[in-house]
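Trainee: no sequence on this one, just coordinates:
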């Protein structure tokens, strides 16, 4: 009876590890999609309401997931700080690093996310809108890459976890 329980627990543990790794691959896709939505919100706020960036960041800091809220709060706090001495690009990059440090994003994903800081508040309205369109195209490429990873690696990790659990259980018999 104890041996059967141990075999079952070994199978469940290995399967759970495979599922966790699979969820991590899916989370990358979700984070990129949510960041794309955030950028669309920022572009909309700039184009229709023409509000200052700190107000936009404050408004968006209450929306979205945990990472985007941390990002917006961090950038807003840096913009409204009395010690506001670094450029918006530097603040954006630091905030991206802070918000997404524990996330399963690739270095390419982070580089694309940081591009927004290069043009926010730097050019005229038309120039910013063009930059937003270019950034959206780059994010779409990263999202499609993440979707492909979900289809291939996500399934692989799930099946690998279950297979490993079965092998462990059989080996312990």
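Mentor: In hand now; what should we look at? Keep in mind the model is a prediction, meaning the values are calculated, not measured.

Trainee: Please make it C-alpha for all contacts and neighbour counts, starting now.
Mentor: Will do.

Trainee: for the protein, which spans come out with low pLDDT?
Mentor: 82-85 (pLDDT under 70).

Trainee: Tell me which stretches of it form helices.
Mentor: 2-44, 53-60, 66-80, 88-99, 107-119, 125-149, 155-172 (DSSP state H).

Trainee: Could you dump these into JSON lines and include mean neighbour count?
Mentor: As requested, those are arranged in JSON lines below (neighbours: other C-alpha atoms under 10 Å):
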{"stretch": "helix 2-44", "mean neighbour count": "17"}
{"stretch": "helix 53-60", "mean neighbour count": "18"}
{"stretch": "helix 66-80", "mean neighbour count": "20"}
{"stretch": "helix 88-99", "mean neighbour count": "19"}
{"stretch": "helix 107-119", "mean neighbour count": "16"}
{"stretch": "helix 125-149", "mean neighbour count": "16"}
{"stretch": "helix 155-172", "mean neighbour count": "18"}
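
Trainee: residue contacts, the residue nearest to residue 93 when sequence neighbours are not counted?
Mentor: The shortest distance from residue 93 to any residue that is not its chain neighbour, by C-alpha to C-alpha, 6 or more residues apart in numbering, is 5.5 Å, and that residue is residue 114. Contacts here follow C-alpha atoms under 8 Å, 6 or more residues apart in numbering; on that basis residue 114 touches 89, 92, 93, 96.

Trainee: Which residues are in contact with residue 163?
Mentor: residue 15.

Trainee: So what would you say the end-to-end distance of stretch 48-61 is?
Mentor: Distance between the two ends of stretch 48-61: 19 Å, counting by C-alpha to C-alpha, to the nearest Å.

Trainee: Distance-wise, check the residue positioned nearest the centre of the chain relative to residue 113.
Mentor: Using C-alpha atoms, centre = their mean, the residue of the chain that lies closest to the mean C-alpha position is residue 31, 3.1 Å off. Distance check for residue 31 against residue 113: by C-alpha to C-alpha, it reads 11 Å.
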